[in-house]
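Colleague: any chance you could fold what I've pasted below:
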Amino acid sequence: MKIRRTKVHGRDAVYHCMTRVVNGERLFKDRDKEMLRKMIWQIADFCGVQVLTYCVMSNHFHVLLRVPDLQNVDDAELLRRYQVLYPKPTKYQSASAKVLASEFAKDSEDADEVRRKLLARMGDVSEYMKAVKQRFSVWFNRNHQRYGTLWADRFKSVLVEGHGNPLQTMAAYIDLNPVRAGLVEDPKDYRFCGYAEAVAHSAGSGAAAREGLLRIWAAYADGGLRHNVSKSVALRMHRELIFGKRASEAGISEMSREKALKVLEQGDGKLSKAAVLRCRVRYFTDGAILGSEEFVRGFVGAWQRERGRKRPPKGHALQGADWGDLSVIQGLRSQIFS
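Modeller: Got it, this is the predicted structure:
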């Protein structure tokens with residue numbers, strides 16, 4: 001699915017992307033998840049985008065991705081990013097890097113073409129997802145004596161307002177995937193998600209995961225996106241959002257998924273955010289644009305033109321919980337929670 005890169009009122013764009021294995025098969029074991037985790041980070045470095053958090057499951061993965069509005073990439077940085085793709089280069093790949101460096105030094109027409117092709121793969125959410133899926137497919141099929149399509153044809157993408165409640169809620173939803181699946185009670189115990197990586201790793205590893213968590217919660221500290229919030233504050237606030245304030249210290253949820261669904265099935269049931277995040281919430285995968293009412297309203301015209309609709313869409317406030325000022329542009333008529 002081609003996702004158009006979107007400028008968001010002078011800010012960087014943030015996307016929640018999710019893709020599933022074909023037919024929903026639960027193919028990935030721990031070794032596969034670890035390799036996919038590494039590729040998620042590796043290709044983010046190549047593309048010049050920032051992973052804010054992620055979660056790798058046995059038949060799908062999620063990534064919350066910040067795409068910078070503008071990038072200045074000189075030849076030295078282009079060469080570094082090219083080499084990032086080959087941490088253990090073959091002789092051919094090493095030779096290719098030397099040829100690339102030589103062409104850049106000559107500043108020839110061939111060098112301009114190489115620059116154009118490399119830059120076309122950077123700073124774009126669709127190119128990022130394409131690279132992750134293709135490279136992992138090659139690795140997975142080779143290591144499992146398998147051939148053919150690994151991923152379902154399309155990936156889902158939601159444009160997320162890049163600060164405050166929308167960003168923080170989306171990040172918590174992604175990190176809670178293994179809890180909703182019944183694999184763990186606390187996402188810090190699931191090694192293939194951004195929150196666990198930020199919590200568990202010592203200095204020297206997991207730095208990128210911690211940087212993502214700090215950016216998610218920077219707005220809590222100063223109302224902007226500057227990196228001046230401490231790790232301890234970011235972890236505390238994220239944990240309170242995941243578990244609810246009363247339960248965060250004990251490390252338990254306020255309500256089980258089963259009880260939460262029973263309340264929501266009543267039609268007018270309303271829960272705490274921590275409780276409803278333990279359910280599958282289609283707003284976060286199918287809502288298309290997630291943010292404050294004002295943020296969503298800013299995309300009404302573009303949404304109408306892209307889809308050739310006669311009438312402009314209306315923002316839809318999220319139901320079922322105390323979401324704060326959260327809306328989506330894609331209305332959901334049925335089975336919002338499961």
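
Colleague: could you tell me which residues within stretch 329-338 count as buried?
Modeller: In terms of neighbour count (16 or more other C-beta atoms under 10 Å), stretch 329-338 has its buried residues at 329-330, 332, 336-337. The C-beta positions use only the backbone N, C-alpha and C, and glycine is treated the same way.

Colleague: does Gln93 sit in a helix or strand, and which one?
Modeller: Secondary structure from DSSP states H and E places Gln93 in helix 91-106.

Colleague: so which elements touch that helix?
Modeller: Other elements packing on helix 91-106 under the criterion 3 or more C-beta pairs under 8 Å, 6 or more residues apart in numbering; DSSP states H and E are helix 75-84, helix 109-120.

Colleague: if you compare these, which one is most tucked away?
Modeller: Comparing those by mean neighbour count (mean count of other C-beta atoms under 10 Å), helix 75-84 comes out on top with a mean of 16.

Colleague: any chance of the helices and strands packed on helix 91-106 in JSON lines, with distance to Thr149 too?
Modeller: Shown next, in JSON lines, are the helices and strands packed on helix 91-106 (distance: least, C-beta to C-beta, whole Å):
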{"stretch": "helix 75-84", "distance to Thr149": "27"}
{"stretch": "helix 109-120", "distance to Thr149": "25"}
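
Colleague: so which of these is nearest Val229?
Modeller: helix 75-84 (27.7 Å; C-beta to C-beta).

Colleague: how far off centre is that closest one?
Modeller: 24 Å (C-alpha atoms, centre = their mean, to the nearest Å).

Colleague: any weak-confidence spans in the stretch 1-150 of the chain?
Modeller: 1-11 (pLDDT under 70).

Colleague: if you set the cut-off to 80 instead, what comes out?
Modeller: Residue ranges of the stretch 1-150 of the chain with pLDDT under 80: 1-11, 70-71, 108.

Colleague: for it, what spans make up the strands?
Modeller: Here the stretch 1-150 of the chain has its strands, by DSSP state E, counting those that start in this stretch, at 13-20, 50-56, 60-67.

Colleague: and the stretch 201-338 of the chain, by the same measure?
Modeller: 289-291, 316-317, 327-328.

Colleague: closest to Thr169 out of the ones you listed?
Modeller: Comparing the strands of the stretch 201-338 of the chain by C-beta to C-beta, strand 289-291 comes nearest, at 8.3 Å.

Colleague: list the strands paired with the closest one, with their directions.
Modeller: If you go by DSSP bridges, strand 289-291 pairs up with strand 156-160 (parallel), strand 327-328 (antiparallel).

Colleague: out of those, the one nearest Cys193 is which?
Modeller: Judging the strands paired with strand 289-291 by C-beta to C-beta, what sits closest to Cys193 is strand 156-160, at 17.3 Å.

Colleague: middle-most residue in this protein, spatially?
Modeller: Leu64 (1.6 Å; C-alpha atoms, centre = their mean).

Colleague: partner residues bridging that one?
Modeller: Assigned bridge partners for Leu64, using DSSP bridges, are His16, Thr53.

Colleague: what sits against it?
Modeller: Contacts for Leu64 (C-beta atoms under 8 Å, 6 or more residues apart in numbering) come out as 14-16, 51-54, 160, 167, 170-171, 174, 194, 212.

Colleague: closest to Arg305 among those residues?
Modeller: Distances from Arg305 to the contacts of Leu64, taken by C-beta to C-beta, are shortest for Tyr15, at 20.0 Å.

Colleague: ok, the closest one touching Tyr128?
Modeller: No: using C-beta atoms under 8 Å, Tyr15 is not in contact with Tyr128; the gap is 9.1 Å.

Colleague: so what sits against both of these two?
Modeller: Leu65.

Colleague: re earlier: how about the buried residues of stretch 329-338 in CSV, adding distance to Arg297 and pLDDT?
Modeller: Shown next, in CSV, are the buried residues of stretch 329-338 (distance: C-beta to C-beta, whole Å; pLDDT from 0 to 100):
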residue, distance to Arg297, pLDDT
Ile329, 9, 95
Gln330, 14, 89
Leu332, 18, 87
Ile336, 21, 90
Phe337, 25, 87
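
Colleague: hey, what's the angle from the helix holding Gln93 to helix 75-84? Just curious.
Modeller: Helix 91-106 and helix 75-84 are oriented at 170 degrees to each other (axes from the mean of the first three to the mean of the last three C-alpha atoms, to 10 degrees).

Colleague: just the buried positions in helix 91-106, please.
Modeller: So for helix 91-106, counting by 16+ other C-beta under 10 Å, buried means 97, 100, 103-104.

Colleague: let me know the closest of the residues you listed to Gln83.
Modeller: Ala97 (5.6 Å).

Colleague: how about that closest one, what does it touch?
Modeller: 79, 82-83, 86, 89.

Colleague: now Phe284. Nearest residue, chain neighbours left out?
Modeller: Among residues not flanking Phe284 along the chain, Tyr173 sits closest, at 4.9 Å (C-beta to C-beta, 6 or more residues apart in numbering).

Colleague: the one you found is in what secondary structure piece?
Modeller: Assigned by DSSP H and E, Tyr173 falls in helix 164-175.

Colleague: can I see the domain layout of the chain?
Modeller: 75-120, 162-338 (automatic domain parsing).
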